[in-house]
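>>> Build me a structure from this.
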Amino acid sequence: MPDEKMTKAEKLIALRTRFRSELPARLDAIELAWQKDKLTTQNEEFYRLVHSLAGSAGTFGYAKLGEQAHVLELLLQELKVGATEHEQAEPIEQFVTNLRDIMLLGGDQGDKEEIFFHEESPVATKKQHLIYLLEDDINFAEELLNQLEYFDYRVEIFDNVQALHDGIASQQPDVLLADIHLPEGAEAGSQAVSELRKGATSPIPVIFISALNSWQNRLNAVRAGSQAFLSKPVNINALLEQLDEILGESLQASDFRILIVDDSELLAEHYANVLEAAGMQTQIINEPSKLLDVLPEFRPDLILMDLYMPNCSGVEAAQVLRQHMTYIQLPIVFLSTEKALEKQLDALYVGGDDFLQKPISNTHLVKAVKCRAQRFRELTALMTRDGLTGLLNHINLKLTLEREVSQALRRSSSLSFVMIDIDNFKSVNDGYGHPTGDKVIKSLARLLCQRLRKGDIAARYGGEEFALILPDTEGQVAYDLIDALRKQFGQLKYTYNNNEFNVTFSAGIATCPAHADMNELIAAADTALYQAKQAGRSQVVVDKDSLKK
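Okay, the predicted model is just below:
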């Protein structure tokens, strides 16, 4: 397999080079299989090798070879059951010879785009968005900076238009926040933004802020090309929601997970590299019988499966999966050289969601997989997520926790379970109203999602209670993480009728394997949370058994 340090483009080139080097041996195998039992239509090994070549040659730059192999594949399908007539064997013999001749001509030209497929955002890194703030009130600007930094935004402040010009010339921000009223004039902010947008290399999303919520100010903001208008004092939750919408952020959004099932190791690796270059996570299995072992842990958003494989076809594998209620809605996309519409429809009828033909361009593959995975993720979220926060709901938290506890015990690894409760939340609802209470809940959900590590799982347990699953995490490490979150949450400011207030939370932590049973683990974390409340609130307590070595 290509070196992990190689770029995606280099990996694709290496796979193509590997295909080219292995091609003579593949043709040798085809010729040997034909010579072994040429006078029978039951020569399954010969058909399988031809089918594999037809499906892979075009992907690796041998389109003409792949087309010739596919014609041979169709001819083999048309042969009658029983002994092959000598006159039928002769054209097959000629096709086999032609495959060798076409290989000697070399690969096809004009397919460079397919090698250097565009690499989108890397899977491993989470981008920290850059925000520019044009504001002459330094105290207000610094307070807004502090609030946004809690949510992992990087903010740079500019107190005049010229400084902002220089800043954008050096580096363009992801979003610009601008006060309409500046020392240069009552409409200086909107005028400056209009000029800046004209000279920008790419459009800069803009949110205007102003102490005066007048029609004229809002009209000036619209004419300057703003995406939103917020009044001072700025409601941080309203601002965060606007940033989420502009930047395309969603709570606990993660990369699509694609499970590739193909008996051709080389072709499967090619698909994996292409999809990973587009920001997806992949896992490969070359034998369908391993599906039920891999699915529970990898939890794919989509299965990309070859239609024709030895021992078990893609159609048969799909039928097995559809017998399990857990996988009845999981998208299955078939890949095959099969062009017969009737057979494609048969594959879809037994449980497939789409049918893609080999060879397939990288661009087509990515778009087809991404749109199906996106749709599945959206439908799944409607069933498994809390409507207010976007976090897992109570039922799916328990299903997820049961799975994670089982995996932790199997791997002999640690797992921490955290119960969080917002302190004095009833007084927030009673004093400021339920809409303000909802904003507090959403801000904590957003903070958890942005501050937790990749692989950690957050859920809304109910009301003002949250739960976290922290895999591969011991009690003390969990304590340090949650206590830092507690301090950050306590510094967030909320506004109601121009009045500011803060909110805190308490948390209880229990670990596995100290508590190997899921219900026992939840009860231990809940007891620790109660102890934190009794100790004066705004505390984090770790269950005593979880701290024992």
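>>> neighbours of the closest residue to residue 19 other than its chain neighbours, just the number please.
For residue 19, the nearest residue in space outside its immediate sequence neighbours is residue 60; the separation is 3.9 Å by Cβ to Cβ, 6 or more residues apart in numbering. Bear in mind the C-beta positions are built from the backbone N, C-alpha and C, glycine included. Here the count is done by other Cβ atoms under 10 Å, and residue 60 has 27 residues near it.
>>> Pretty sure residue 60 sits against residue 21.
No. Using Cβ atoms under 8 Å, residue 60 and residue 21 do not qualify as a contacting pair, with a distance of 10.9 Å.
>>> Next up, phi/psi of residue 502, please.
The main-chain torsion angles of residue 502 are listed as degrees, to the nearest 10 and equal phi -120, psi 160.
>>> wait, I meant residue 449
Backbone geometry at residue 449, expressed as degrees, to the nearest 10, gives phi -60, psi -40.
>>> Residue 421 too?
Residue torsions, per degrees, to the nearest 10, at residue 421 are phi -130, psi 130.
>>> Next, the contact list for it, please.
Shown here is residue 421, whose contacts under the criterion Cβ atoms under 8 Å, 6 or more residues apart in numbering are 464, 465, 466, 505, 506, 507, 529, 533.
>>> ok, residue 350 - contacts?
With contact taken as Cβ under 8 Å, 6+ apart, residue 350 is in contact with 315, 318, 319, 322.
>>> Tell me which of those fall in helices.
Judged by DSSP state H, helices contain the following of the contacts of residue 350: 315, 318, 319, 322.
>>> before we move on, what SS does the residue lying closest to the last one once chain neighbours are set aside have?
What that stands for is residue 322. In space, and not counting its chain neighbours, residue 322 is closest to residue 351: 4.3 Å by Cβ to Cβ, 6+ apart. Secondary structure for residue 351, judged by DSSP: H, G, I helix; E, B strand; the rest coil, is coil.
>>> wouldn't residue 351 be in contact with residue 318 here?
Yes. With contact taken as Cβ under 8 Å, residue 351 and residue 318 are classed as touching, separated by 4.1 Å.
>>> before we move on, the earlier item: include neighbour count when you put the contacts of residue 421 into a markdown table, please.
Output for the contacts of residue 421, formatted as a markdown table (neighbours: other Cβ atoms under 10 Å):
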| residue | neighbour count |
| --- | --- |
| 464 | 21 |
| 465 | 18 |
| 466 | 25 |
| 505 | 26 |
| 506 | 24 |
| 507 | 26 |
| 529 | 25 |
| 533 | 16 |
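>>> Show me those residues that map onto helices.
Judged by DSSP H, the contacts of residue 421 include 529, 533 as members of helices.
>>> Now the two most distant members of the contacts of residue 421.
466 and 533 (14.5 Å; Cβ to Cβ).
>>> Against residue 239, how distant is the residue nearest to residue 19?
Residue 60 is 50 Å from residue 239, where distance means Cβ to Cβ, to the nearest Å.
>>> On the three-state scheme, the closest residue to residue 475 other than its chain neighbours is what?
Once flanking residues are discounted, residue 475 sits nearest to residue 546: 4.3 Å by Cβ to Cβ, 6+ apart. Following three-state DSSP, the label given to residue 546 is helix.
>>> How many residues are close by residue 286?
Neighbour count of residue 286, defined by other Cβ under 10 Å: 14.
>>> Now do the same contact list for residue 281.
The neighbours of residue 281, taking Cβ under 8 Å, 6+ apart as the test, are 123, 255, 256, 257, 258.
>>> no no, residue 474
Counting by Cβ under 8 Å, 6+ apart, the residues that residue 474 touches are 414, 416, 511.
>>> hmm, try it at 7 Å
For residue 474, the contacting residues are 414, 511, taking Cβ atoms under 7 Å, 6 or more residues apart in numbering as the criterion.
>>> Can you tell me how far it is from residue 415?
Counting by Cβ to Cβ, the gap between residue 474 and residue 415 amounts to 9 Å.
>>> For these two, list the residues in contact with both.
Overlap of the contact sets of residue 474 and residue 415 (by Cβ under 7 Å, 6+ apart) consists of residue 511.
>>> Just the C-alphas of the helix or strand hosting residue 217, formatted as CSV.
When elements are assigned from DSSP states H and E, residue 217 belongs to helix 215-223. Output for helix 215-223, consisting of C-alpha atoms alone and laid out as CSV, is shown next (Å, rounded to 0.1, in the frame of the first residue of the first chain):
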residue,chain,number,x,y,z
TRP,A,215,-33.9,51.4,8.6
GLN,A,216,-31.2,53.5,6.9
ASN,A,217,-28.4,51.6,8.7
ARG,A,218,-29.9,48.2,7.7
LEU,A,219,-30.4,49.5,4.1
ASN,A,220,-26.7,50.6,4.0
ALA,A,221,-25.7,47.2,5.3
VAL,A,222,-27.7,45.4,2.5
ARG,A,223,-26.3,47.7,-0.2
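>>> what element comes up after that helix heading to the C-terminus?
Read in the C-terminal direction, the helix or strand following helix 215-223 is strand 228-231, with elements assigned using DSSP H and E.
>>> ok, which stretches of the stretch 201-350 of the chain are helices?
Secondary structure of the stretch 201-350 of the chain (DSSP state H, counting those that start in this stretch): helices located at 215-223, 236-247, 265-277, 291-298, 314-322, 341-349.
>>> out of these, which comes closest to residue 91?
Between residue 91 and those, the shortest gap by Cβ to Cβ is with helix 341-349, which sits at 23.1 Å.
>>> just how off-centre is the very next helix or strand once past the closest one within its chain?
If you walk from helix 341-349 toward the C-terminus, the next helix or strand you reach (DSSP H and E) is strand 354-357. Taking Cα atoms, centre = their mean, to the nearest Å, one finds strand 354-357 lying 22 Å from the centre of the chain it belongs to.
>>> what's strand 354-357 packed up against?
In terms of contacts (3 or more Cβ pairs under 7 Å, 6 or more residues apart in numbering; DSSP states H and E), strand 354-357 is packed against strand 332-336, helix 341-349, helix 362-384.
>>> pLDDT value on residue 251, please?
We note a pLDDT of 47 for residue 251 in this prediction.
>>> quick one: which helix or strand includes the residue found closest to residue 404 once you drop the neighbours it is linked to in the chain?
Taking Cβ to Cβ, 6+ apart as the measure, residue 404 lies nearest to residue 469, with 5.4 Å between them; neighbours along the chain are not counted. When elements are assigned from DSSP H and E, residue 469 belongs to strand 465-471.
>>> Run through who's touching that strand.
Counting contacts by Cβ under 7 Å, 6+ apart, the residues outside strand 465-471 that touch it are 397, 400-401, 404, 408, 415-421, 444, 448, 455-461, 478.
>>> could the helices of the stretch 201-350 of the chain go into CSV alongside distance to residue 373 and mean neighbour count?
Listed next are those as CSV, based on distance: least, Cβ to Cβ, whole Å; neighbours: other Cβ atoms under 10 Å:
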stretch, distance to residue 373, mean neighbour count
helix 215-223, 36, 16
helix 236-247, 21, 18
helix 265-277, 10, 22
helix 291-298, 13, 14
helix 314-322, 16, 19
helix 341-349, 18, 14
